[in-house]
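K.L.:
model this:
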Amino acid sequence: MKKSFVAFLFILFLFEGSVFQLLLPQAWGSTFVVIPQLVVSGIIVISLYLPKRYVLIFAVSFGLLHDIVYGPAWGITAFTLAMVAYGTYLLANHFPPFVWIVGVAVVLGQLSFTLLVYGWYRLFGFTDMPFLLSFATHVLPTLAFNTVCAYPIFRFIHYIYVKKRNRQVVFDTIIR
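P.N.:
Model prediction:
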């Protein structure tokens, strides 16, 4: 099951860096900037299903991959993604993964991830954009886009989880 999640997250990583870059409003000259964070949505949803160690390993490894390919400094996205994934994991201990709970978790996770990355970039001097301008032109469009894209990601991850779990339960009952 974990191999399926890694393969799916890697496909999301490739899509957010290639296909979605052509479809976004900034590619057409808009002042709004949408940052596709499909891997963040995937890790937030996976953190509702998997144990803590796997969630943190996925978050740090894909965060470092994102930092190496796109980031101005290594570790910012990895640390922030691990914090958000751990927070979502803690939320998952209290609630079952219903669709509306996943939606709330994705909105809170995406919002906190985007704001934390903005805070780190502002702290280290990678950006000097004022907060309100950044919130209106970057954070809100990014949050809306990634929340809409998170639903198919949730459905596919839920499908993988249920399919693999049912296969494992059937196999375990046959052996015993």
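
K.L.:
Not counting its neighbours along the chain, what's nearest the spatially most central residue of the chain?
P.N.:
Geometric centre of the chain, nearest residue: residue 40, 1.1 Å, by Cα atoms, centre = their mean. Take residue 40 and drop its neighbours on the chain: the residue closest to it by Cβ to Cβ, 6 or more residues apart in numbering is residue 113, 5.4 Å away. Using the backbone N, CA and C atoms, a C-beta is placed for each residue, glycine as well.

K.L.:
Quick check: what element follows the helix or strand that neighbour falls within along the chain?
P.N.:
Using DSSP states H and E, residue 113 maps to helix 99-124. Per DSSP H and E, the first helix or strand lying C-terminal to helix 99-124 is helix 131-134.

K.L.:
returning to that earlier point: which helices and strands sit right next to the helix holding residue 113?
P.N.:
helix 38-46, helix 76-92, helix 131-134, helix 140-175 (3 or more Cβ pairs under 8 Å, 6 or more residues apart in numbering; DSSP states H and E).

K.L.:
what number of residues lie near the residue lying closest to residue 106 once chain neighbours are set aside?
P.N.:
Distance criterion Cβ to Cβ, 6+ apart; nearest residue to residue 106, sequence neighbours excluded, is residue 150 at 4.3 Å. Residue 150: 25 surrounding residues under other Cβ atoms under 10 Å.

K.L.:
go on, residue 88?
P.N.:
Residues lying near residue 88 (other Cβ under 10 Å) number 23.

K.L.:
which residues touch the nearest residue to it once chain neighbours are set aside?
P.N.:
Leaving aside its chain neighbours, residue 88 sits nearest to residue 47 (4.3 Å; criterion: Cβ to Cβ, 6+ apart). Residue 47 makes contact with 55, 59, 85, 86, 88, 89, 92, according to Cβ atoms under 8 Å, 6 or more residues apart in numbering.

K.L.:
Among these, which one sits closest to residue 27?
P.N.:
Taking Cβ to Cβ as the measure, residue 27 lies nearest residue 59 of the contacts of residue 47, at 28.1 Å.
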